[in-house]
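In: Curious how this folds, go ahead:
(2 chains)
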There are 2 protein chains.
Amino acid sequence: MKLRRSERMVVISNYLINHPYELTSLNTFAEKYESAKSSISEDIVIIKRAFEEMEIGHIETITGAGGGVVFTPSISDEESKEIVEELCQQLSESNRILPGGYIYLSDLLSNPKILNSIGRIIAKAFRNKKIDAVMTVATKGVPLANAVANVLNVPFVIVRRDLKITEGSTVSVNYVSGSSGDRIEKMFLSKRSLKAGSRVLIVDDFLKGGGTINGMVSLLSEFDSELAGVAVFADNASTEREFFEHKSLLRVTNIDVKENKLNVEVGNIFD
Amino acid sequence: MKLRRSERMVVISNYLINHPYELTSLNTFAEKYESAKSSISEDIVIIKRAFEEMEIGHIETITGAGGGVVFTPSISDEESKEIVEELCQQLSESNRILPGGYIYLSDLLSNPKILNSIGRIIAKAFRNKKIDAVMTVATKGVPLANAVANVLNVPFVIVRRDLKITEGSTVSVNYVSGSSGDRIEKMFLSKRSLKAGSRVLIVDDFLKGGGTINGMVSLLSEFDSELAGVAVFADNASTEREFFEHKSLLRVTNIDVKENKLNVEVGNIFD
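Out: The predicted structure is shown next:
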């Protein structure tokens, strides 16, 4: 379809936003929008500048026969910090404290706007790592993993705590369940869900003892895959764990069930 | 930040894509990009035309004091059909058949690109319904509900088959579990996850007997909420169910475990 230059720029930028981390040749755009490659090239320069000025992301131009452009989404530090501060406020609400000292998170982790922002913040924090897949454990981690995978344009894999017949053959490992004292439990991953040699970012909603994440790390070795990093929505500062490094958006420093109060601060994601 | 017109258009269209179904006043853009409201108004006209020509979506202009623009994402029928045909092919692969006649879907429903496309197709099919939330059942429905909610810019709620302490108070209903014969089971929804009076789109991965969806429908009445529609990734043509209308992307007409074959055709979503 033949478009005016201004329209073409709108449409190309939309295409790039919807195809992050993908190489698209200028010829593809030239054919699609019936324009000279040189015009497309000029469009890209303008889009690139606009994206960089507003910190929407970067456009890398790869020259040569197999070349083209690749869009990497980003988010400005200012916007990231605003979002995390706002989440800090929301997580500090006293009515989130549940009996047993658990914190209700489901409303935050089911809001597409929040999830998209978190996805971009976490993806940015791991932008220098090569990531092939995002892993999480069912159920609460799923929207979060989905959001991060979305920005990185890689598949996500869901580890389960129960065996489902619709998953086919699975591999299982034992792990120490932190939330239920020192109980040993099992987690399962469908055999066909992760390719050998993958570099995997583990994502979860709340990090307490770290048993669940350790379980996922041991699953990775069962799949001959490698840990690229660990990111959590919130962690608990009062718990000791020395097994793996992780980045957190939020840190809960104190849960006082009796007084119905909790302290939440910004995690280490910006360190 | 002051931008050139061409850059401003790229940035405004990016903003609209990331804020679907939200009213933004032209003044917001005028202040943000230090431009006259009349220039922004001209930008919007061009973006609107580009979005409509490429069927990226519609921009509605609301005049008056509380006015502004609202972007509604869409997808062309041509692209929708291509995507569904492609999914048809992928679902027909014989190695998806699991013992018991189940079908392995997890790879398709963990691919961000596929999920985004499905989200746009389902959202378009229900574009005339007012939808306040998307509901699904854990775990396999979650990425799908997430994808649809993302396009509609509404929260999604996750019904569970087990009781989790991190959900706080829940409401439960009984339902007839189709996959396990005629067993009666329970499903739970956190009390604070759905506001009374919501209009809800139910989304699930695979529709067989319909017991799970019936369960969710009865949960809706417990929450004084209303069913706005049912959408599934795939349904099974050979199963009788008369309880509710639904739209499906794909229809499995025959699963032959012995011959390791299955037939998949396009569902009724385009009817």
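In: Residue A:75: neighbouring residues, count only.
Out: A count of neighbours around residue A:75, defined by other CB atoms under 10 Å in any protein chain shown, yields 19. Any C-beta I mention is one placed from the backbone N, CA and C, and that applies to glycine too.
In: My reading is that it lies in a helix. Confirm?
Out: No. Looking at residue A:75 with DSSP: H, G, I helix; E, B strand; the rest coil, it is coil, so not inside a helix.
In: I'd say it and residue A:117 touch.
Out: Yes. Contact between residue A:75 and residue A:117 holds when scored by CB atoms under 8 Å: they sit 7.3 Å apart.
In: overlap in contacts of the two?
Out: None of the residues lies in contact with both residue A:75 and residue A:117 under the rule CB atoms under 8 Å, 6 or more residues apart in numbering or on different chains.
In: which residues in the stretch 151-271 of chain A form helices?
Out: Across the stretch 151-271 of chain A, reading from the start of the chain, the helices by DSSP state H, counting those that start in this stretch fall at A:211-222.
In: residues in contact with residue A:264?
Out: Neighbour list for residue A:264: A:88, A:91, A:92, A:234, A:250, A:251, A:252, A:253 [criterion: CB under 8 Å, 6+ apart].
In: go again using 10 Å as the cut-off
Out: When contacts are counted by CB atoms under 10 Å, 6 or more residues apart in numbering or on different chains, residue A:264 touches A:87-93, A:96, A:103, A:234, A:250-255.
In: Among those, which one has the most neighbours?
Out: Neighbours here mean other CB under 10 Å. Within the contacts of residue A:264, the largest count is held by residue A:252, at 24 neighbours.
In: mind checking how far the residue nearest the centre of chain A is from residue A:59?
Out: Most central in chain A under CA atoms, centre = their mean is residue A:148, positioned 2.1 Å from the mean C-alpha point. Taken as CB to CB, to the nearest Å, the spacing of residue A:148 relative to residue A:59 amounts to 21 Å.
In: same check, this time on residue A:266
Out: Here residue A:266 is placed at a distance of 30 Å from residue A:59 (CB to CB).
In: neighbour count winner among these two?
Out: For the pair residue A:266 and residue A:59, the greater number of neighbours falls to residue A:59 (19 against 16), based on other CB under 10 Å.
In: my read is the more buried one is in a strand, agree?
Out: Yes. The secondary structure assignment for residue A:59 places it in a strand, going by three-state DSSP.
In: neighbours around the closest residue in space to it that isn't next to it in sequence, how many?
Out: In this structure, residue A:59 finds its nearest non-sequential neighbour in residue A:48, 4.2 Å apart by CB to CB, 6 or more residues apart in numbering or on different chains. The number of residues packed around residue A:48, counting by other CB under 10 Å, is 21.
In: Can you pull the phi/psi pair for residue A:48?
Out: phi -60, psi -50 (degrees, to the nearest 10).
In: May I have the residues that are in contact with it?
Out: Applying CB under 10 Å, 6+ apart, one finds that residue A:48 lies in contact with A:13, A:16, A:57, A:58, A:59, A:60, A:61, A:69, A:71, B:7, B:10.
In: With residue A:196 instead?
Out: Residues touching residue A:196, when contacts are defined by CB under 10 Å, 6+ apart, comprise A:223, A:224, A:225.
In: Quick check: phi and psi on the last one?
Out: Its backbone dihedrals place residue A:225 at phi -120, psi 170, with angles given as degrees, to the nearest 10.
In: what's near enough to touch the closest residue to it other than its chain neighbours?
Out: Here the nearest residue to residue A:225 in space, its sequence neighbours aside, is residue A:198; by CB to CB, 6+ apart that works out to 4.3 Å. Under the criterion of CB under 10 Å, 6+ apart, the neighbours of residue A:198 are A:131-133, A:135, A:154-155, A:157, A:220, A:223-226, A:228.
In: Show me which of the residues you listed are buried.
Out: The neighbour count (16 or more other CB atoms under 10 Å in any protein chain shown) marks A:131, A:132, A:133, A:135, A:154, A:155, A:157, A:220, A:223, A:225, A:228 as buried among the contacts of residue A:198.
In: Not counting its neighbours along the chain, what's nearest the second one?
Out: What it means is residue A:132. Counting by CB to CB, 6+ apart, residue A:132 lies nearest to residue A:198, which is 4.2 Å off, once chain neighbours are set aside.
In: which phi and psi does the one you found have?
Out: Note on residue A:198: its backbone torsions stand at phi -80, psi 150 [degrees, to the nearest 10].
In: What pLDDT is listed against it?
Out: Turning to residue A:198, the model gives it a pLDDT of 98.
In: Give me the number of neighbouring residues for residue A:160.
Out: By the criterion of other CB under 10 Å, residue A:160 has 18 neighbours.
In: Is it in contact with residue A:139, as I believe?
Out: Yes. If you go by CB atoms under 10 Å, residue A:160 and residue A:139 touch, sitting 9.0 Å apart.
In: and residue A:77, what is it in contact with?
Out: Applying CB under 10 Å, 6+ apart as the definition, the contact partners of residue A:77 turn out to be A:55, A:121, A:124, A:270.
In: for residue A:97, same thing?
Out: With contact taken as CB under 10 Å, 6+ apart, residue A:97 is in contact with A:103, A:104, A:255, A:256, A:257, A:258, A:259, A:260, A:261, A:262, B:168.
In: Turn those residues into TSV, columns for distance to residue A:81 and pLDDT.
Out: As requested, those are arranged in TSV below (distance: CB to CB, whole Å; pLDDT from 0 to 100):
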residue	distance to residue A:81	pLDDT
A:103	22	91
A:104	24	92
A:255	24	87
A:256	27	87
A:257	30	85
A:258	32	87
A:259	29	87
A:260	28	86
A:261	24	89
A:262	21	91
B:168	30	86
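In: and which of those residues is nearest residue A:202?
Out: Using CB to CB, residue A:103 is the member of the contacts of residue A:97 that lies nearest residue A:202, at 20.3 Å.
In: wait, doesn't that closest one sit right on residue A:254?
Out: No. Using CB under 10 Å, residue A:103 makes no contact with residue A:254, being 11.7 Å away.
In: Please identify every residue contacting each of these two.
Out: The contact lists of residue A:103 and residue A:254 share A:236, A:262, A:264, where a contact means CB under 10 Å, 6+ apart.
In: and the last one, how far is that from chain B?
Out: In this structure, residue A:264 and chain B are 16 Å apart, going by CB to the nearest CB, to the nearest Å.
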